[in-house]
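Provided below are the primary sequence and the corresponding predicted coordinates.
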Amino acid sequence: MHEADGLQPVGFDAVTRYHYSPMNVLLANPRGFCAGVDRAVKIVDLALEAFGPPVYVRREIVHNSHVVADLRGKGAVFIEELSEAPAGAVAILSAHGVAPSVFDEARSRGLRLIDATCPLVTKVHLEVHRFVRQGYHIALIGHAGHDEVIGTMGEAPGKITLVENESHARAVEFPSHDKLMVLTQTTLGVDDTAGVLNALRERFPKLELPPTDDICYATQNRQDAVKEMARRGMDLLLVVGSRNSSNAARLVEVGAARGVRGFLIDGADQINPEWVTNAALVGVTAGASTPESVVRGVLDRLASLGAGGVELCTTAEEDTVFQIPPQLREAVEQKRGVPLKVIEG
């Protein structure tokens, strides 16, 4: 048993009460912010420092209400389209990526554009261009309407067909069956894509995959942690994340597939005390866009409801760090008046 690093939920001592409380907590590790989200949030913070408010952000920088509210309070203005930003303004693109037409619009309006697209999403965009140049048609496994999928589809209109699920895979048709390449939305896990991929392979034997998969390491790690918590006997799962976070919602589904009752909550105030009445081991995790401060609030709330100790469930160690864009780094250095080897990690 391990007490959660740096976490001291109010109202109990994790070590002395762990074996006596009728309810205890299993805390997923890793959880919360991935490297792409951490980078995107830092980009907005640093842009506000370098250029001052307002800074305009196209769509939610990441899919979390707490992050958006915090940045809005600092002077970020969230807009749906770049046309809402004044000409010449500082504008930031969200972590989910955009189609080339958005960059064209930014240039035409003289916006000072900062791209916060996750590098793993950028990798998929580059793959689209490479494989289309080689004559492939792309089968993109993903969710219709998701910001990342919209951006990826926009990289090669007419050359990409979205495949959403297994039933769709059994009916979808492509312009050509000779050169087909499969790419995936990065925030889907291996389990999410396996059935779709198998269904496509049954119908299209020549289907190819890129040399490296597109699944985000953080998405898979968080799903694997939920599976391990289920194996350890958790009987209730609380996933901390906003309703529009597809990766957070999927964590609830991963638990449910293993017989664990689960709830997606945006914060501690959404915990229903009746949920934990008969729970012996409550699993807590967080989507890749959820701040750790919100997780701490959930742990404190569980303590107030009678939870005993907090045991970490560690299934992977994450040390990936994505650098901020060079032009933003230079602007911050100029603002601070000192050269910086590393900015904010």
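Alright, I've got the coordinates.

separation between Ile150 and Glu80?
The gap separating Ile150 from Glu80 is 12 Å, by C-beta to C-beta, to the nearest Å. To be clear about C-beta, it is placed using only N, CA and C from the backbone, and glycine gets the same treatment.

and stretch 239-258, how far apart are its ends?
15 Å (C-alpha to C-alpha, to the nearest Å).

next one: it to chain centre, how far?
The chain centroid and the centroid of stretch 239-258 are separated by 11 Å under C-alpha atoms, centre = their mean, to the nearest Å.

and if you look at stretch 144-152?
Here stretch 144-152 is found 14 Å from its chain centre; the criterion is C-alpha atoms, centre = their mean.

gap between stretch 23-39 and the chain center?
With C-alpha atoms, centre = their mean, you get 11 Å for stretch 23-39.

Equivalent analysis for stretch 289-304, please.
Stretch 289-304 sits 18 Å away from the centroid of its parent chain (C-alpha atoms, centre = their mean).

which outside residues touch that stretch?
4, 7, 9-12, 23, 25, 27, 31-33, 37, 62-64, 66-67, 70, 238, 240-242, 245, 247-248, 265-269, 271, 276, 282, 284, 286, 307, 310 (C-beta atoms under 8 Å, 6 or more residues apart in numbering).

what residue is smack in the middle of the chain?
The centroid of the chain falls nearest to Ala288 when counting by C-alpha atoms, centre = their mean (4.0 Å).

host element of that one?
Using DSSP states H and E, Ala288 maps to neither a helix nor a strand.

One more: Val41?
In the assignment (DSSP H and E), Val41 maps to helix 35-51.

got a list of contacts for that helix?
Residues from elsewhere that reach helix 35-51 (C-beta under 8 Å, 6+ apart): 33, 55, 57, 61-62, 67, 71, 74-76, 90, 92, 94-95, 112, 114, 116, 118-121, 216, 218, 288-289, 318, 320-325, 328, 331-332, 334-335, 343-345.

Buried among these? Need that as a selection in ChimeraX.
For the buried members of the contacts of helix 35-51, the matching ChimeraX selection, counting by 16 or more other C-beta atoms under 10 Å, is:
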select :33,55,57,61,62,67,71,76,90,92,94,95,112,114,116,118,120,121,216,218,288,289,322,324,325,328,331,332
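
for the stretch 101-250 of the chain, what are the low-confidence residue spans?
Across the stretch 101-250 of the chain, not a single residue meets the criterion (pLDDT under 70).

May I have the phi/psi pair for Val254?
phi -60, psi -40 (degrees, to the nearest 10).

tally of neighbours for Ala256?
Other residues within reach of Ala256, judged by other C-beta atoms under 10 Å, total 14.

is it true that the residue nearest to the centre of the chain touches Tyr217?
No: here Ala288 lies out of contact with Tyr217, judged by C-beta atoms under 8 Å, at a distance of 10.3 Å.

Common neighbours of those two, please.
Counting by C-beta under 8 Å, 6+ apart, the shared contacts of Ala288 and Tyr217 are Cys34.

hmm, which of the contacts of stretch 289-304 are the buried ones?
4, 7, 9, 12, 23, 25, 27, 31-33, 37, 62-64, 66-67, 70, 238, 240-242, 245, 247-248, 265-268, 271, 276, 282, 284, 286, 307, 310.

Return the subset of these lying in helices.
Under the assignment DSSP state H, those contribute 37, 66-67, 70, 247-248 to helices.

could you pull out the helices for the stretch 201-345 of the chain?
Ranges of helices in the stretch 201-345 of the chain, per DSSP state H, counting those that start in this stretch, are 217-231, 246-256, 292-304, 326-336.

what's the closest of the ones you listed to Pro175?
helix 246-256 (28.2 Å; C-beta to C-beta).

Between helix 217-231 and the closest one, find me the angle.
Interaxial angle, helix 246-256 versus helix 217-231 (axes from the mean of the first three to the mean of the last three C-alpha atoms, to 10 degrees): 20 degrees.

which residues touch the residue lying closest to Leu281 once chain neighbours are set aside?
Sequence neighbours aside, Met234 is the residue nearest to Leu281 in space, at 4.6 Å (criterion: C-beta to C-beta, 6 or more residues apart in numbering). Residues near Met234 by C-beta under 8 Å, 6+ apart: 26, 255, 260, 281-283.

which among those residues end up buried?
Neighbour-count burial (16+ other C-beta under 10 Å) applied to the contacts of Met234 gives 26, 255, 260, 281-283.

Kindly reformat these as a markdown table containing pLDDT and distance to Ala99.
Converted to a markdown table, the buried ones among the contacts of Met234 look like this (pLDDT from 0 to 100; distance: C-beta to C-beta, whole Å):
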| residue | pLDDT | distance to Ala99 |
| --- | --- | --- |
| Leu26 | 98 | 41 |
| Gly255 | 98 | 34 |
| Val260 | 99 | 38 |
| Leu281 | 97 | 45 |
| Val282 | 98 | 42 |
| Gly283 | 99 | 38 |
